[in-house]
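J.: The following comprises the amino acid sequence and a computationally predicted model.
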Amino acid sequence: MNIIQVFGASIKDQVTTSQGGTGASGNLQSSVGTIINFVTGFFAVIAVIAIIIGGVQLTTSQGDPGKAKKGKDAIIAGVIGLVICLLAFMIVNFVIRALQGTI
């Protein structure tokens, strides 16, 4: 499994579409969908990193309420960002499939 498959489309799908699978508009939709899925996946990775950093801050706060609050805030922001990324990923894939008529 390569990184492009993780973010929603495989290279094989792109090659099939570009070789005359669904025509120019299908290729454009697929390309835009791939780019949006990649960007969404990138931000999801950043959100996970924020959760990890917040966890480390919370763990190493040593009882300091300021540091503990900063760590909790980072975890909450990371979780909210991850939820937004997952919802965006689902919405984009739904719209692309609806435009291609596969739903």
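T.: Nice, I can see it.
J.: Wait, G81 touches I46, no?
T.: Yes - using CB atoms under 8 Å, G81 is in contact with I46, at 7.2 Å. To be clear about C-beta, it is placed using only N, CA and C from the backbone, and glycine gets the same treatment.
J.: which one of those two has more residues nearby?
T.: When neighbours are counted by other CB atoms under 10 Å, G81 comes out ahead of the other of G81 and I46, with 17 against 14.
J.: Leaving out sequence neighbours, find the closest residue to the more buried one.
T.: With sequence-adjacent residues excluded and distances taken as CB to CB, 6 or more residues apart in numbering, G81 is closest to A47, at 3.7 Å.
J.: ok, that neighbour touching L82?
T.: Yes - counting by CB under 8 Å, A47 does reach L82; the two are 4.1 Å apart.
J.: So, low pLDDT: which residues of the chain?
T.: 1-26, 103 (pLDDT under 70).
J.: and stretch 71-80, which residues are buried?
T.: Buried residues in stretch 71-80, counting neighbours by 16 or more other CB atoms under 10 Å, are found at G71, A74, I75, G78.
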